[in-house]
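[1] Give me coordinates for this.
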Amino acid sequence: MVTRASDVSTTEVSSQGGKTNIALMLINKRYWWVHFLIVLAITVSGLLYLGRVTYTGAPPVVDFTSPTGQTVISAELINRGEEVFHLRGLMDWGTFMGDGSERGPDFTADSLHRTVVVMQSFYEDEMTRRTGQAITQFERDAIAARIRRELHTNTYDEAAGRIELTDAQIATDPWPT
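    Here you go, the predicted model:
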């Protein structure tokens, strides 16, 4: 006679030399509610953890200032932009799990490209005004390295609650015509 695991009682499971056979307990239908509770606990714990990390790890909303300390972009302006973002339903234009490119352009990449182009032009014009000569390829490469370094440098001052931008970053027009 063949016995199914779901037909095995707990007394039969525990009567095997005083040891409980976990494999038989796992497939016994009477214990499936325990499996459900374990999965539920792991899921809820994961959601709570990810929710906490999402809000505590969010970037600060602070003023962006020039090297002289003048406010270029205020935190209030950033918050107003966020309101427009939510009112217009622009969440659908981002990326979630890498599928945002199917729905629209990546404005972050476009903005970064425009910033680099304007910074390159700013530094080339500055160097041309200073030397009065045409720029060499070596100088263009030096400018490109400077831009890369400036964009990768974290200028957030937590104590002052501001982020300092360079003059070349300020020259970038956020609203091109």
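
[2] where does the spatially most central residue of the chain sit relative to residue 78, distance-wise?
    By CA atoms, centre = their mean, the mean C-alpha position of the chain lies nearest to residue 58, the distance being 8.3 Å. Noted for residue 58: a distance of 12 Å to residue 78, by CB to CB, to the nearest Å. The C-beta positions use only the backbone N, C-alpha and C, and glycine is treated the same way.

[3] Specify the next element, helix or strand, located C-terminal of the helix or strand of the chain with the lowest mean pLDDT.
    Taking mean pLDDT, DSSP states H and E as the measure, the helices and strands of the chain show their lowest mean at helix 10-14, namely a mean of 49. With elements assigned by DSSP states H and E, the helix or strand that comes after helix 10-14 is helix 22-27.

[4] any idea of the mean pLDDT for the next helix or strand along the chain from that next one?
    Next helix or strand after helix 22-27 toward the C-terminus (DSSP H and E): helix 32-56. Confidence for helix 32-56, expressed as mean pLDDT, is 93.

[5] what's the domain layout of the protein?
    The record's domain split for the chain, according to automatic domain parsing, is 5-56, 63-170.

[6] what's the least confident stretch among those?
    Out of the domains of the chain, the stretch the model trusts least by mean pLDDT is domain 5-56, with a mean of 78.

[7] May I have stretch 114-124 exported as PDB, CA atoms only?
    Output of stretch 114-124 as PDB, limited to C-alpha atoms (Å, rounded to 0.1, in the frame of the first residue of the first chain):
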ATOM      1  CA  ARG A 114      23.400  69.600 -22.800                       C
ATOM      2  CA  THR A 115      25.300  70.500 -19.600                       C
ATOM      3  CA  VAL A 116      28.500  69.000 -20.900                       C
ATOM      4  CA  VAL A 117      28.200  70.800 -24.300                       C
ATOM      5  CA  VAL A 118      27.500  74.200 -22.700                       C
ATOM      6  CA  MET A 119      30.300  73.700 -20.100                       C
ATOM      7  CA  GLN A 120      32.700  72.800 -23.000                       C
ATOM      8  CA  SER A 121      31.700  76.000 -24.800                       C
ATOM      9  CA  PHE A 122      32.000  78.100 -21.700                       C
ATOM     10  CA  TYR A 123      35.600  76.900 -20.900                       C
ATOM     11  CA  GLU A 124      36.700  77.200 -24.600                       C
END
